[in-house]
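In: let me see the structure of the following:
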Amino acid sequence: MNRLSSRLAARTGTRQLDLLHAANGAGFAAAALIRERWNDLLALLMHPACRGLNCPTLAWHLHGILAAVRLHLRDTLTRFAHFGHDSAASVLVNTIPARTLLRGKRVVPVFEAKPQLPGIRFPPPRPPREPVVGGSDDERRRRELQEMLFPAPSEAKVADILRRPVFGQTWEQELSSASRLAGFDPDLMAQTIASSFALGKTPQEIAKDLRPAVAEVGSTARRIARTYGMQISHAVTREAHEQLGDLLVGYQTHAQFDSNTRSWHASRSGTIYYAKPTEGQKGYFQMPNPPLEADDPNERPAGAPKTAWH
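Out: The predicted structure is shown next:
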């Protein structure tokens, strides 16, 4: 790998870790939102004046929990799309000299890493270690170059990316189906709560009966924020890289080599997947697209799922 590609790999890999930490934090935030809304409903049920809440009212509150989570996830995933693009474009412009971007020198960016530490916010774009230019005028020109060469995705484009399925389902379908499987069906839960009150159960006993379903939905929301967030971010990151045109030779994977690294992920670390592979080279069909594994099933052990959850 040439020097320019090495610098691009290092900086992109660092930004990937920032993104993964943000995804982890977003997952915790989604799960915390469900617990907060559920506790609000329990507080309402424990009020003596609310013991006689009818099923439609209870269902309305329970539907509100899912609606709040869905809105939170949509906002989070939208921010992942914009953050992923801005991060990728910033790294490219701050690493590749403008004369190279405009001339067409070929480079190989990195694109895969694994998380280690939790995080809860999206960090600002990291400045280059060896500034290409200096001064406010140069910074302004660099931003203008970034906007010209790597324009931000439109709202329609982001919406299209959010609708892309992972493991056969969009994130909204995943939330709905997982909620039903967990038993978090607002209408049925409302009937259960109403009948439990009729049988003389206390709010504490009702909460204990329904807690597993609530916890499972919280786990689902966390998984969606982490996995779909990474899928969306990688999609816009790759689209930014593809705007390099002939500059782009291919992608190279780098494993984190921690306790969570899968064995076949470790073995492929350092592999380059070429846009125009020749004999003996791997192409995009063999390339992973985190969190999705490669389209070629021979690139993963038999029985391993195509989606690497979390």
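In: shaky segments in the protein?
Out: Along the chain, the model assigns pLDDT under 70 to residues 1, 49-53, 103-136, 309-310.
In: where do the strands sit along it?
Out: According to DSSP state E, the chain carries its strands in the segments 110-112, 250-253, 272-274, 282-283.
In: relative to A23, which of those strands is closest?
Out: Of all the strands of the chain, strand 110-112 sits nearest to A23, with 13.8 Å by C-beta to C-beta. (Glycine included, C-beta is placed from N, CA and C.)
In: circling back: of all the strands of the chain, which one comes closest to A213?
Out: Closest to A213 of the strands of the chain, according to C-beta to C-beta: strand 110-112, at 34.9 Å.
In: point to the residue nearest the middle of the protein.
Out: For the chain, the residue nearest the mean C-alpha position is G229 (1.2 Å; C-alpha atoms, centre = their mean).
In: that one contacts R74, doesn't it?
Out: No: the criterion here is C-beta atoms under 8 Å, and G229 misses it with R74 at 11.5 Å.
In: contacting residues around the nearest residue to G64 once chain neighbours are set aside?
Out: Once flanking residues are discounted, G64 sits nearest to R37: 7.2 Å by C-beta to C-beta, 6 or more residues apart in numbering. R37 makes contact with G64, I65, A68, V69, according to C-beta atoms under 8 Å, 6 or more residues apart in numbering.
In: quick one: buried ones out of those residues?
Out: For these, a burial check counting by 16 or more other C-beta atoms under 10 Å picks out I65, V69.
In: show me the contacts of R37 that map onto helices.
Out: Using DSSP state H, the subset of the contacts of R37 located in helices is G64, I65, A68, V69.
In: would you list every one of the helices in the stretch 101-250 of the chain?
Out: Under the criterion DSSP state H, counting those that start in this stretch, the stretch 101-250 of the chain contains helices at 136-149, 155-162, 171-182, 186-198, 203-242.
In: okay if I get those helices as CSV plus distance to D18?
Out: CSV is the format used below for those (distance: least, C-beta to C-beta, whole Å):
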stretch, distance to D18
helix 136-149, 18
helix 155-162, 20
helix 171-182, 22
helix 186-198, 37
helix 203-242, 11
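In: out of the ones in helices among the contacts of R37, which is nearest to L20?
Out: Closest approach to L20 among those (C-beta to C-beta): V69, at 21.6 Å.
In: ok, now which ones touch the closest residue in space to that closest one that isn't next to it in sequence?
Out: Nearest residue to V69 in three dimensions, chain neighbours excluded: A221, at 5.4 Å (C-beta to C-beta, 6+ apart). For A221, the contacting residues are G27, A30, A31, L33, I34, V69, H72, L73, L175, by C-beta under 8 Å, 6+ apart.
In: now E144
Out: When the contact criterion is C-beta under 8 Å, 6+ apart, E144 has no partners at all.
In: make sure A26 is actually in contact with T227.
Out: No: at 10.9 Å, A26 does not count as touching T227 under the criterion of C-beta under 8 Å.
In: okay, the two: which has more neighbours?
Out: A count of neighbours by other C-beta atoms under 10 Å puts A26 above the other of A26 and T227, at 27 against 23.
In: return the distance of that one relative to Y251.
Out: The gap separating A26 from Y251 is 25 Å, by C-beta to C-beta, to the nearest Å.
In: for A178, same thing?
Out: Distance of A178 to Y251, given as C-beta to C-beta: 31 Å.
In: re the thing from before, which one among the ones in helices among the contacts of R37 gets closest to I161?
Out: Distances from I161 to the ones in helices among the contacts of R37, taken by C-beta to C-beta, are shortest for V69, at 20.1 Å.
In: which residues does the closest one contact?
Out: A30, L33, I34, R37, L175, V217, A221 are the contacts of V69 under C-beta under 8 Å, 6+ apart.
In: switch the cut-off to 7 Å
Out: A30, L33, I34, A221 (C-beta atoms under 7 Å, 6 or more residues apart in numbering).
In: can you give me the neighbour number for F285?
Out: Counted with other C-beta under 10 Å, residues neighbouring F285 total 12.
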